[in-house]
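In: Model the structure of this input:
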Amino acid sequence: MGSDKALLPWRGSTFLAAAIEALRPHTQIILVVAGKNADGLSSLVYAAGADLAINRRPERGQFSSLQTGLQEVLNRGRDAAIVTLIDRPPAEPQTITYLRERFDEIAPLGWWAVVPQYQNAHGHPIVIGREMIEAFLKAPVTSTARDVEHAFPNKIEYLPVNDAAVTTNVDTPEEYQRLAK
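Out: Numbers count the residues shown, from 1 in each chain. As a prediction, this is how the structure comes out:
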């Protein structure tokens, strides 16, 4: 893309700031995991009232950032998290509410996570409990989130939603331009 996708303009804000605002009503702490881009993101993260967790080994890939963030969740005494990517538009507020409420209903029954599904594709944000957090943390850094998720299909509910944003990827300037329209 030529620039940090988290800082792309989105509805009068940026993808990152919009994600923070979308999650604010649903969580006590908002953590943004950054690597080499930490200096470029820190002022926006702190101004939005979120905290920054630094992935000291970003060359290991996206999964290492997930592990960094989830370890920080546990370090702060929490046992559940809403996980999303910051380089795309956030899900609609009602989608996040729906996912969170569903997780609150099924977690006591032994479910580990709720993952949104739009047109048969799985997306973000995901709502995960301690068991799923620990599964991600115990996995080798060479894993992918999808690998770990698919290892526990009977512990994850794939919840159909009517929100294309949960599966929207922005990898090229052309995709961003189409989305921005």
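
In: C-alpha from now on. contacts and neighbour counts both.
Out: OK.

In: Next, the contact list for the one residue sitting closest to the centre of the chain, please.
Out: Closest residue to the average C-alpha location of the chain: residue 84 at 1.1 Å, with CA atoms, centre = their mean. By CA atoms under 8 Å, 6 or more residues apart in numbering, the residues touching residue 84 are 124-126.

In: which of those has the most neighbours?
Out: residue 125 (25 neighbours; other CA atoms under 10 Å).

In: And the pLDDT at it?
Out: Per-residue pLDDT puts residue 125 at 97.

In: State the pLDDT value of the closest residue to it other than its chain neighbours.
Out: Using CA to CA, 6 or more residues apart in numbering and skipping residues adjacent in sequence, the residue nearest residue 125 is residue 84, 4.3 Å away. On the pLDDT scale, residue 84 is placed at 95.

In: Also residue 1?
Out: For residue 1, the pLDDT comes out at 62.

In: The residue lying closest to residue 68 once chain neighbours are set aside: how many residues sit nearby?
Out: Among residues not flanking residue 68 along the chain, residue 55 sits closest, at 5.9 Å (CA to CA, 6+ apart). Residues near residue 55, counting by other CA under 10 Å, number 21.

In: Touching, residue 55 and residue 61? I think so.
Out: No. At 9.7 Å, residue 55 does not count as touching residue 61 under the criterion of CA atoms under 8 Å.

In: tell me the contacts of residue 130?
Out: So residue 130 contacts 79-80, 112 (CA under 8 Å, 6+ apart).

In: swap that for residue 154, please
Out: Counting by CA under 8 Å, 6+ apart, residue 154 touches residue 111.
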